[in-house]
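A.B. asks: Build the 3D model from these lines:
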Amino acid sequence: MWLSVVSTVLAGAALLATADTPEWPLPLAHAAAVPASDDDALVRSQPVCVLNTRDSAGDIGKSLVVRHRRDGDRLWVSYFVYWSSERPWGDKSWWLSLAIDAVYSHFLFVLPGVRHAMYGPGDIEGVTVVYRAVGGRLEIVEGFGDDEYHRSVHLGPDDLVGSDNHTLLLTNSWSHQLGGRGAARVAHGAATSRRCFAGAEMVPLTSEIASRFWLGSPGAPRRARYAWL
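C.D. replies: Below is the predicted model:
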């Protein structure tokens, strides 16, 4: 019986291994980068920087996928951030990291692991930032993200606003959740990596992107839950 179970798991993992890994959206082409509305133009004009204080696995995507909605003078903007992989090294004992990595990230370090089977390609995290529209620019009011244990984190302006008025999103865990606090304090630290996005690098969320990356929907989010607020 165990041989049959192992064979079934290996066969399923092999199918995942041979499936094409979709490419995260590239920055918009010139024609597609024309804002569809005033709010769309505001969103694309607000630079967003993703900060990482941990030497974690995976390459960050070349764009942010975004969605937004208006509520009076408030503009709710949600960001989906992509990393090519997610592996549990750097903040745990080596044996625990090895055990998680051998099953969650990679099945016996050969085939795609549990994470891929459950959540889909890559590692996608999400956060929502609430802005106030003031004189043709955006002013940060608050934000919503999660920590490495998927607990809700409320972010204030001090956690999100950089000295250059860019929006700062901080991750400080191997699994890349964007609920880190005090981004401005670590923004220019030697151990902090920084990748900024603006303009054509802000790609609107479409149903095709949501389907391709198993993102779900507002009523049934599957990944990056705090980008569905």
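A.B. asks: Please, where are all the strands along the chain?
C.D. replies: Counting by DSSP state E, residue ranges of the strands within the chain are 48-52, 64-71, 74-83, 106-107, 111-112, 123-134, 137-146, 152-155, 167-171, 193-197, 202-204.
A.B. asks: The last one pairs with which strands?
C.D. replies: Sheet partners assigned to strand 202-204 using DSSP bridges are listed as strand 64-71 (parallel).
A.B. asks: any idea of the angle the strand it pairs with forms with strand 74-83?
C.D. replies: Between strand 64-71 and strand 74-83, the angle comes out at 160 degrees (axes from the mean of the first three to the mean of the last three C-alpha atoms, to 10 degrees).
A.B. asks: rewinding a little: please identify the most buried of the strands of the chain.
C.D. replies: For these, the largest average neighbour count (mean count of other C-beta atoms under 10 Å) is found in strand 167-171, namely a mean of 26. All C-beta spots, glycine's among them, are computed from the backbone N, C-alpha and C.
A.B. asks: From the contact counts, what lies against that strand?
C.D. replies: With contacts defined as 3 or more C-beta pairs under 8 Å, 6 or more residues apart in numbering; DSSP states H and E, strand 167-171 has these neighbours: strand 48-52, strand 123-134, helix 157-160, helix 183-186.
A.B. asks: Between these, pick out the one with the smallest average pLDDT, please.
C.D. replies: Comparing mean pLDDT across these, the weakest is helix 183-186, with a mean of 90.
A.B. asks: Could I get the buried residue list for it?
C.D. replies: By neighbour count with 16 or more other C-beta atoms under 10 Å, helix 183-186 contains the buried residues 183-184, 186.
A.B. asks: helices or strands up against that helix?
C.D. replies: Checking 3+ C-beta pairs under 8 Å, 6+ apart, helix 183-186 ends up next to helix 157-160, strand 167-171.
A.B. asks: any chance of the strands of the chain in a markdown table, plus distance to Leu178?
C.D. replies: A markdown table is the format used below for the strands of the chain (distance: least, C-beta to C-beta, whole Å):
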| stretch | distance to Leu178 |
| --- | --- |
| strand 48-52 | 8 |
| strand 64-71 | 11 |
| strand 74-83 | 7 |
| strand 106-107 | 24 |
| strand 111-112 | 24 |
| strand 123-134 | 4 |
| strand 137-146 | 5 |
| strand 152-155 | 9 |
| strand 167-171 | 5 |
| strand 193-197 | 13 |
| strand 202-204 | 16 |
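A.B. asks: tell me the contacts of Trp228?
C.D. replies: 78, 126, 216-218, 221 (C-beta atoms under 8 Å, 6 or more residues apart in numbering).
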